[in-house]
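[1] Make a model of this:
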Amino acid sequence: MQLRNNTERYGLLSIGLHWLMLLLFIAVYACIELREFFPKGSEPREALKTWHFMLGLSVFVLVWLRLLVNRLGHHPRIEPELPTWQQQSAKVMHLALYGLMIFMPLAGWLILSASGKVIPFFGLQLPPLMGESKNVAEFIKEVHETVGTLGYFLIGLHAAAALIHHYFLGDNTLKRILPNRD
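    Modelled structure (predicted):
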């Protein structure tokens, strides 16, 4: 399989980044949801929150690489060609997902910064993006949680659309991003 995209398929780099981002999303959401099973202040709860922060920041780092690869590469054709409304819907969905991958980690970083907490990143301590402000931290946290809930729907809708295209519409939308099994 080729490393870069061509007009027929996504390359190994795009495919790997796509599926890695999905795994990171699953891990980020799992960490923040599973923390609820542990008492506040407990070691497992704090560890899950730390992993949530670090994995979220990993999304933030990798989204820029993904955007670069996307910008520099071809976009494989969808065959048969989609109606214009589906093409436009796909563009809006992808913009929303990229927005999620940029906004959510940045908002998390701002929450920790405004809360006066350490910003952990795999053994590093990242600098705060702003000074302490409890009110700002609470506001950004509310927005972060709301957008996080919206993220479940965006990711689910994206996956459902891919499956509908594959199983019901019979086009190559999903096949283009699956690892080649030749």
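
[2] tell me which residues of stretch 19-31 are tucked away?
    Using 16 or more other Cβ atoms under 10 Å as the test for burial, stretch 19-31 gives 21, 24, 25, 27, 28, 29, 31. For glycine as for every other residue, the C-beta is placed from the backbone atoms N, C-alpha and C.

[3] taking the residues you listed one by one, which sit in helices?
    Those of the buried residues of stretch 19-31 mapping onto helices are 21, 24, 25, 27, 28, 29, 31, per DSSP state H.

[4] So for the last one, what's the pLDDT?
    What it means is residue 31. The confidence metric pLDDT takes the value 98 at residue 31.

[5] how near is the spatially closest residue to it that is not a sequence neighbour to residue 72?
    With Cβ to Cβ, 6 or more residues apart in numbering as the criterion, residue 31 has its nearest non-adjacent residue at 3.9 Å, and that residue is residue 52. Distance, residue 52 to residue 72, using Cβ to Cβ, to the nearest Å: 31 Å.

[6] most centrally placed residue in the chain?
    With distances taken as Cα atoms, centre = their mean, residue 101 lies nearest the centre of the chain, 4.2 Å away.

[7] And for residue 44, nearest residue in space, chain neighbours not counted?
    residue 38 (4.5 Å).

[8] Tell me which residues touch residue 69, please.
    Contacts for residue 69 (Cβ atoms under 8 Å, 6 or more residues apart in numbering) come out as 5, 13, 14, 17.
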